[in-house]
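**Q** give me a model of this one.
(chains A, B and C)
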Amino acid sequence: MRAAEIIEAIHKKAKGLGNIAIMEVCGTHTNELHRHAIPQALPDNIRLVSGPGCPVCVTAQSDIHAALSIAGMKDTVLCCYGDMLRVPCGDTSLLGMKSDGADVRSVVSALEALEIARENPLKQVVFFAVGFETTTPHTAVLIEDAARENVGNLSVLCSHKTMPAAVTALLSGKSGIDALMCPGHVACITGRKGFDFVPEKLKIPAAIAGFEACDMLFALLKICDMLEKSQLECFNAYTRAVSENGNDPALRLTYKIFEESECEWRGLGRITESGLVIRDEYSFFDARRRFEIPDFTEKNARMCICSKILRGEALPSDCPSFASVCTPETPLGACMVSSEGSCAAYYKYER
Amino acid sequence: MQEKITLAHGSGGELYREMVNEVFLPAYSNEILCELGDSAVCTAGERIAFTTDGFVVNPIFFPGGDIGRLCVCGTVNDLAVSGAVPQYLSVSMIIEAGFETEKLRCICKSIADTASEAGVRIVTGDTKVVEGNKADGIYITTSGVGVFTADRKPLGQKVVQGDVIICSAPVASHGVAVTVARSGMDFSPVPCSDVKPLSGVVDALLSSGAEVHAMRDPTRGGVAATLCEWARDGVDITVDLKNVPVEASVSEICAVLGLDPLQLANEGVLLASVAKKDCAKALEALRNYQYSTSAAVIAEVESGNSEVWGITDIGTKRRILMPRGEVLPRIC
Amino acid sequence: MCLAMPGKIIKIEDSQAVIDYGAVTTRADLRVKPEAKVGDTVLVHAGFVIEIVSPESAQEIEMLVKETMGEA
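**A** Coordinates of the predicted model:
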């Protein structure tokens, strides 16, 4: 079926609805929606809001600071996924440290860190691990491998987060969000059931969406349908990849190595049971315990409304710094850093 | 000659002469260079095009090319898109002590082969040697002179409302090849750079008699950067994204690494803004030449407000912006 | 947040799968989805297979859309 026909169906469906706001909590959704120019194609009464779904956006300044501190230490190699390189902290970033001569390497798989550790036995190799349910099991495999092989010079700076607690903290109580478009690849791991908390606790309908234009459009259509019929459920609109119960081996790997803990989110503050830390049995591989990391005091007093944007209370264009002080070259809040950040996507496609 | 380049090779003495005689002269040989004067004395027409470019690519040898082929193509292509016929090149090298002589020979062979393919002569050069670990192996700067023969005139960079934009070859191949080579990712087949001289492509286009208003080789910043620069003159450019040629393998690698093919560097692609009436003529001429067989119209120029738009695969319209910063693979 | 591409497993050696995307192949680790086998279409995220994808035709989405619109 052609995307245009689903867009037409959404227009029909939306006629019976008032103004509605649908939050997507996945950076790849944000980017793909804008890459296909879907927001502009939707009826005027449907507004899409980008929630806290991209690790680059939600990783706390203190974690970036820790990564920068480690990268600045003698004889260390800091590895991380490409996106994290541009995230600013103070007046620098990992990319900035790299230009100043620090050994910072961008990897496309967690296991590359192990290879780098093997190749550099005289250096400390630290993997700065970010990501949600989908990405965390990879770091678990890395730590398992390192433990099995007794790799003494590898450790992990863990900044992994989990989705449900944060979404709950964000949307509990009064919120302007009418429905949630759930991240398909997180749901691959957690299963459809993993998002039942949305209708049950938050009392809004949800649809799990894939990432092709038609996948996202169908999820949006289904959301309109559920809103019209006042149905409160979590609908699986990505059945070809998302099962009811998720990926059990992945979840077991994650909880073998990590346990839940309170976690700091950029713009949202500390949220209980929303982060993962390395279990005591594997503490040898915990960079936070291996290195002495200087304290970080957040001086984020500049005009930036990241938190409101993440809460869905404001659009990027409502921020006084947006596109003036805060641009993709000189990002203030992390929403501008990633190409998928709410502000960067907005800057790129909708300004 | 010794197996490795040493500081002494840069000192102008006997070892320097040995390097020139055993490595450079046999590779680049031509009568102007062999004079070995302090300057090359050459003939050119009344108006010339003159350009220079520095090359610091990492890795030095990459799939589909090396710094030698790149440093010739970079300068030749800058000359060619100005409308000139590339003629003479200088090659200046900064080599790190410890660099293997065999690698230097390979680079020189590559320079010589590419120059001969592009119809240019290396007429002068210089070589300095710096201490180990100070120059990533080798840096090369080339300068070039192109002449405007009787049938050629200098080309402006002004795209005109009603033009079509033709893209001569699949985009993003160089950017993907270099990104993958750096990342250590293991794709098969290994993606290759498109690095090639564009002098023949430009010849084919201009000899077709088509009315050409602007030409560029979209290197760093890719097709997106060139279109955004062109649009600054107060026109809108609308790209039909499905018509932009991209090799299937390049497109898949871009999807895996989260890269936008429009923003990636090219080293063998010509973008030309051509009067719509001459579109068929231009396309035919290009498609008959070996380096532009998949030439395609990718965009149209309309009156507007200096915007570049892309028609997506689902028929919606999105803004295309000037790329920013280094292109990095992402997983998120 | 999670870029993942579907590809087909054409070979498995230990915990490494060779993934065919159509025009290129690459490797991916199977330990997050150990039950994946040769011939499966899988989603690959950051070098790991994360899920097996079942074939779903465009007709199915069409049916679902029609159903939602009360036309089926």
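
**Q** quick one, longest strand in the chain?
**A** This is for chain A. Counting residues, the longest strand found in chain A (DSSP state E) is strand A:269-278.

**Q** other chain: chain B
**A** Longest strand in chain B, counting by DSSP E: strand B:85-96.

**Q** and that one, how far from the chain's centre?
**A** 14 Å (CA atoms, centre = their mean, to the nearest Å).

**Q** over to stretch A:248-258?
**A** For stretch A:248-258, the distance to the chain centre is 19 Å (CA atoms, centre = their mean).

**Q** quick check: residues of the stretch 101-250 of chain B near chain C?
**A** Within the stretch 101-250 of chain B, the residues that sit near chain C (CB under 8 Å from any CB of the partner chain) are B:185-189, B:191, B:247-249. C-betas here are computed from N, CA, C, even on glycine.

**Q** would you list those residues in JSON lines and tack on pLDDT?
**A** Shown next, in JSON lines, are those (pLDDT from 0 to 100):
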{"residue": "B:Met185", "pLDDT": "86"}
{"residue": "B:Asp186", "pLDDT": "90"}
{"residue": "B:Phe187", "pLDDT": "96"}
{"residue": "B:Ser188", "pLDDT": "96"}
{"residue": "B:Pro189", "pLDDT": "97"}
{"residue": "B:Pro191", "pLDDT": "97"}
{"residue": "B:Glu247", "pLDDT": "97"}
{"residue": "B:Ala248", "pLDDT": "97"}
{"residue": "B:Ser249", "pLDDT": "97"}
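
**Q** list buried residues within the residues you listed.
**A** Neighbour-count burial (16 or more other CB atoms under 10 Å in any protein chain shown) applied to those gives B:185, B:187, B:191, B:247, B:249.

**Q** between these, which sits nearest chain C?
**A** B:Ser249 (4.0 Å; CB to the nearest CB).

**Q** mind listing what the closest one touches?
**A** Applying CB atoms under 8 Å, 6 or more residues apart in numbering or on different chains, we find B:Ser249 in contact with B:187, B:189, B:191, C:23-24.

**Q** how about those residues in CSV, adding distance to chain A?
**A** Converted to CSV, these look like this (distance: CB to the nearest CB, whole Å):
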residue, distance to chain A
B:Phe187, 11
B:Pro189, 18
B:Pro191, 14
C:Ala23, 18
C:Val24, 14
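
**Q** and the gap between C:Ala28 and A:Val277?
**A** 27 Å (CB to CB, to the nearest Å).

**Q** right, I mislabeled it, should have said B:Leu286
**A** 59 Å.

**Q** same question for A:Leu17.
**A** 42 Å.

**Q** got it, and A:Met226?
**A** Counting by CB to CB - A:Met226 and A:Val277 are separated by 36 Å.

**Q** more crowded one of these two?
**A** A:Met226 (22 against 18; other CB atoms under 10 Å in any protein chain shown).

**Q** the more buried one reaches A:Pro205, doesn't it?
**A** Yes. Assessed by CB atoms under 8 Å, A:Met226 is found in contact with A:Pro205 at 3.9 Å.

**Q** common neighbours of the two, please.
**A** A:179, A:232-233, A:235.

**Q** so where's the longest strand in chain C?
**A** Per DSSP E, chain C has its longest strand at strand C:5-13.

**Q** any idea how far it is from the chain center?
**A** With CA atoms, centre = their mean, you get 9 Å for strand C:5-13.

**Q** you'd agree A:Glu313 is up against A:Gly176?
**A** Yes. If you go by CB under 8 Å, A:Glu313 and A:Gly176 touch, sitting 6.4 Å apart.

**Q** in chain B, where's the longest helix?
**A** helix B:101-118 (DSSP state H).

**Q** what packs against the strand or helix carrying A:Cys263?
**A** Assessed by DSSP states H and E, A:Cys263 sits inside strand A:258-265. Here strand A:258-265 touches strand A:269-278, going by 3 or more CB pairs under 8 Å, 6 or more residues apart in numbering or on different chains; DSSP states H and E.

**Q** chain center to whatever helix or strand comes next after the strand it packs on, what's the gap?
**A** Next helix or strand after strand A:269-278 toward the C-terminus (DSSP H and E): helix A:287-290. How far helix A:287-290 lies from its chain's middle: 23 Å, per CA atoms, centre = their mean.

**Q** now do stretch C:20-37
**A** For stretch C:20-37, the distance to the chain centre is 9 Å (CA atoms, centre = their mean).

**Q** sorry, back to before: please identify which pair of the buried ones among the residues of the stretch 101-250 of chain B next to chain C lies farthest apart.
**A** Farthest pair in these (CB to CB) is B:Met185 and B:Glu247. Separation: 16.8 Å.
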